[in-house]
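> Just the structure for this:
(2 chains)
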Amino acid sequence: MSTAAPRTIVEKIWTDHVVTQDPGAPAVLAIDLHLIHEVTSPQAFSALRARGIGVRRPHQTVATADHSIPTTDRSLPFIDAMALAQVNQLEANCAEFGIPMHGIGDPSQGIVHVIGPQMGLTQPGMTIVCGDSHTSTHGAFGALAFGIGTSEVEMVLATQTLLQRDPKTYEVRVDGRLTPGVSAKDIILALIARIGIGGGTGHVFEYTGDAIRGLTMEQRMTVCNMSIEGGARAGLIAPDDTTFEYVHGRPYAPAGAAWDRAVEAWRRLPTDDGATYDKSITIDADALEPMVTYGTNPGMGIPITSRVPSPADQADPGQRRALEHALAYMDLQPGQEILGQKVDVVFVGSCTNGRISDLRLAASVLKDRHVADGVRLMVVPGSDEVKREAEREGLSDIFKAAGADWREAGCSMCIAMNGDQLRPGQYAVSTSNRNFEGRQGKGGRTFLASPLTAAASAIAGVVADPRRLPGIETLAAVGGR
Amino acid sequence: MAEPFRVFTSKVVPLPAENVDTDQIVPARYLKVTTKEGLADALFRDWRFEEDGSLKEPPFILDQPGMAGRRILLVGDNFGAGSSREHAPWALSAWGVRVILSTSYADIFKSNSLKNGVLPIVVDPATHARLFDLLATDPDAELTVDLAEQGVLLPDGSTIDFDIDPFAKQMILAGTDELGYLLSKEPEIDAWEASHPPRIDSLAGAR
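I've put the predicted structure just below:
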């Protein structure tokens, strides 16, 4: 185009991937990377077999087992026959169709959204899909990455394309700087509390602003990961030197002259000056406190020093009913403080906060301290590599000395498919992404929070403000690649 | 592949809750299946059943007298939030739901539903309130859904017009799926791939 109208990064990636589009029909969008796991793929492979077609691009597909696998000793057999059958099915499907599989025992095994970036598969400017709503995580690299259903998994396996309508764009600008004890998780929980869990429906978030630029790649992944909890199927951050530094040298990253060419192309991705968004919102990072949810969806979050809202204050009858229902499920009182609320279990892990820097933050709080009596702390690394690194750095020793349960990599109690779950009525502070009813076990009650808040709460035995910990100013600096 | 969508008339199951997430529609422990069958009993499992498998008392709306066989579900705003599990529309479809009425749906749920012959119709808030009022006065009111004409006929003879993506409409009316359409684009896909080398090669192994 000679007129070169300013474009957003979303428009650039979109245009780069449109294969063809019939009038009135959605675009045929090329997919660069397809990640698959055991839970949402079996029916797609069965459908392929029934149609007698193969996998078009096995070399642009990567599989792992993460959702339903045990996080206990890997030398022991699965207790759950159905989960075992599902994992075996994935291995058989991958073998039949020639797809590389990083299953249990493979050093690259882990949560699908942790291993993609870790292996360097996730790169700027790509289209990335997976039968998992937290695929938005990969947007942290300036990729257009979104979750799909099983019918769409089948389409991508068969054609390496999807039928998509072009998305609307939504700028989420986070100005200023986070204060000590406040982290990436608090940014995203604050956003969702403001716009609600349907606020981003039909849109792709682009996170911009100084506070976002100041985040490490792992922190950016935490933000993008929960885009779907704000209703946006995808959320992304334009790539910059922080991105390139993270990707460089990883196993599947371009190398040599190809690396230089790639970076040159990636530098053209950021949104042009003057490009417009369909919607926008601004958040002031300096004003953010640690966030915690009190209800049964991720939009029901408050600053940790606030009180639980009261249904009587809700003007909208639907919202009043929803709040009454949520507080009844959570067994919380309107107007009560959330600080000091009893906790039974603390879960540190998941594709939101199961990376090495998350574990470093938790360990920095737990060092030379002990989990409160009656509290169970589970620390579940996001991947086998994260686990090995945590053991190399001695983090696992800190966790164990603090009385925590140090486990194998997987989704674990984030989705509670594998036996890692709350008992009915138990309260958990969880670094994961969903506090829906029964999400972490039937009848279980979840407070979503950051790794710092989770670790502080594990020590206190109640929901606790990490900013009150001695030395928090130095802890907050713990980031890392 | 779903059956072609034909005009039908049905009574309605009202479920006024907002932000119903797919973890409620099908709890995660029912996702260990490797087929699409048998999910009707997983639908809203923890809102319908006690631990021992008996029905809740009072029963959840789906299990109240006269609800079995109804094909239209009237729900609150932002239905289907959260997880991308296609098990949600599979379970709704297995129970018998063919049309959902709400003010909005979560993106992935909506996309998944359309691929399974479950039609998520969006109505404006005033119409939404009017439908709940109608069911409050006449719980057995019947609606007629005509996708070709994009209208829902009410007992008083009035019609609610609705919008739908023209491509999705065509697919649901014919009972065909999108994969057949995509496969017909293979020449274009071949050409695109020829000029766009793959960004990664997961089979080549790590460098």
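> Could you export the strand with the most length in chain B as CSV, CA atoms only?
Longest strand in chain B, counting residues (DSSP state E): strand B:8-15. C-alpha atoms of strand B:8-15 as CSV (Å, rounded to 0.1, in the frame of the first residue of the first chain):
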residue,chain,number,x,y,z
PHE,B,8,-39.3,-25.5,15.2
THR,B,9,-41.6,-24.6,18.1
SER,B,10,-40.7,-25.3,21.7
LYS,B,11,-41.3,-24.2,25.3
VAL,B,12,-38.4,-22.5,27.0
VAL,B,13,-36.1,-23.3,30.0
PRO,B,14,-35.4,-20.0,31.9
LEU,B,15,-32.1,-19.7,33.6
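> Direction included, what does that strand pair against?
strand B:72-75 (parallel), strand B:142-146 (antiparallel) (DSSP bridges).
> Tell me which of the ones you listed is the most buried.
strand B:72-75 (a mean of 23; mean count of other C-beta atoms under 10 Å in any protein chain shown). C-beta here means a position set from N, CA and C on the backbone, and glycine is covered the same way.
> Tell me which stretches of chain B form strands.
Going by DSSP E, chain B shows strands at B:8-15, B:72-75, B:99-102, B:119-122, B:142-146, B:151-153, B:159-161.
> Let me have the ones you listed in CSV, adding mean pLDDT and distance to A:Val204 as columns.
Converted to CSV, the strands of chain B look like this (pLDDT from 0 to 100; distance: least, C-beta to C-beta, whole Å):
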stretch, mean pLDDT, distance to A:Val204
strand B:8-15, 98, 30
strand B:72-75, 98, 25
strand B:99-102, 98, 22
strand B:119-122, 98, 20
strand B:142-146, 98, 32
strand B:151-153, 98, 31
strand B:159-161, 98, 29
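> Turn those strands into a markdown table, columns for distance to A:Leu163.
Shown next, in a markdown table, are the strands of chain B (distance: least, C-beta to C-beta, whole Å):
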| stretch | distance to A:Leu163 |
| --- | --- |
| strand B:8-15 | 27 |
| strand B:72-75 | 26 |
| strand B:99-102 | 21 |
| strand B:119-122 | 17 |
| strand B:142-146 | 24 |
| strand B:151-153 | 26 |
| strand B:159-161 | 25 |
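> For A:Tyr252, which of the ones you listed is the nearest?
Ranking these by proximity to A:Tyr252 (C-beta to C-beta) places strand B:119-122 first, at 38.0 Å.
> Any chance of the strands paired with strand B:8-15 in a markdown table with distance to A:Ala253 as columns?
Converted to a markdown table, the strands paired with strand B:8-15 look like this (distance: least, C-beta to C-beta, whole Å):
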| stretch | distance to A:Ala253 |
| --- | --- |
| strand B:72-75 | 45 |
| strand B:142-146 | 51 |
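> where does chain B dip in pLDDT?
B:1, B:205-207 (pLDDT under 70).
> same question, the stretch 251-400 of chain A
Using pLDDT under 70, nothing in the stretch 251-400 of chain A is flagged.
> Which single residue of it approaches chain B most closely?
A:Pro251 (3.2 Å; C-beta to the nearest C-beta).
> burial count for that residue?
13 (other C-beta atoms under 10 Å in any protein chain shown).
> my guess is it meets A:Gly116, correct?
No. Using C-beta atoms under 8 Å, A:Pro251 is not in contact with A:Gly116; the gap is 11.5 Å.
> Tell me who's in contact with residue 99.
Using chain A here. A:Ile36, A:Val55, A:Pro58, A:Thr61, A:Val62, A:Ala63, A:Asn93, B:Ser202 (C-beta atoms under 8 Å, 6 or more residues apart in numbering or on different chains).
> let's do chain B instead
B:Val99 touches B:Ser10, B:Arg71, B:Ile72, B:Leu73, B:Val118, B:Leu119, B:Ile121, B:Val145, counting by C-beta under 8 Å, 6+ apart.
> Specify the beta-bridge partners of it.
B:Ile72, B:Leu119.
> For the longest strand anywhere in chain A, buried residues please.
The residue-count maximum for a strand in chain A (DSSP E) belongs to strand A:168-175. Across strand A:168-175, burial judged by 16 or more other C-beta atoms under 10 Å in any protein chain shown covers A:Thr169, A:Tyr170, A:Glu171, A:Val172, A:Arg173, A:Val174.
> can you check stretch A:365-384 too?
Result for stretch A:365-384 [16+ other C-beta under 10 Å]: buried residues A:365-367, A:369, A:371-372, A:375-384.
> Identify the farthest-apart pair in these.
Largest pairwise distance in the buried residues of stretch A:365-384, by C-beta to C-beta, is 29.8 Å, between A:Ala372 and A:Asp384.
> Provide a complete list of residue ranges assigned to helices in the stretch 51-200 of chain A.
A:81-97, A:112-119, A:150-159, A:184-195 (DSSP state H, counting those that start in this stretch).
> possible to save those helices as CSV with distance to chain B, mean neighbour count and mean pLDDT?
Below are the helices of the stretch 51-200 of chain A laid out as CSV (distance: least, C-beta to the nearest C-beta, whole Å; neighbours: other C-beta atoms under 10 Å in any protein chain shown; pLDDT from 0 to 100):
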stretch, distance to chain B, mean neighbour count, mean pLDDT
helix A:81-97, 4, 18, 96
helix A:112-119, 7, 26, 98
helix A:150-159, 4, 26, 98
helix A:184-195, 11, 25, 98
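> Columns distance to A:Ala456 on top of those helices, output as JSON lines?
Formatted as JSON lines, these follow (distance: least, C-beta to C-beta, whole Å):
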{"stretch": "helix A:81-97", "distance to A:Ala456": "33"}
{"stretch": "helix A:112-119", "distance to A:Ala456": "24"}
{"stretch": "helix A:150-159", "distance to A:Ala456": "39"}
{"stretch": "helix A:184-195", "distance to A:Ala456": "13"}
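> Which residues are in contact with the residue nearest to B:Pro125 when sequence neighbours are not counted?
Using C-beta to C-beta, 6 or more residues apart in numbering or on different chains and skipping the chain neighbours, the partner closest in space to B:Pro125 is B:Thr103 (5.6 Å). By C-beta under 8 Å, 6+ apart, the contact list for B:Thr103 reads B:Gly76, B:Asp77, B:Asn78, B:Val122, B:Val123, B:Asp124, B:Pro125, B:His128.
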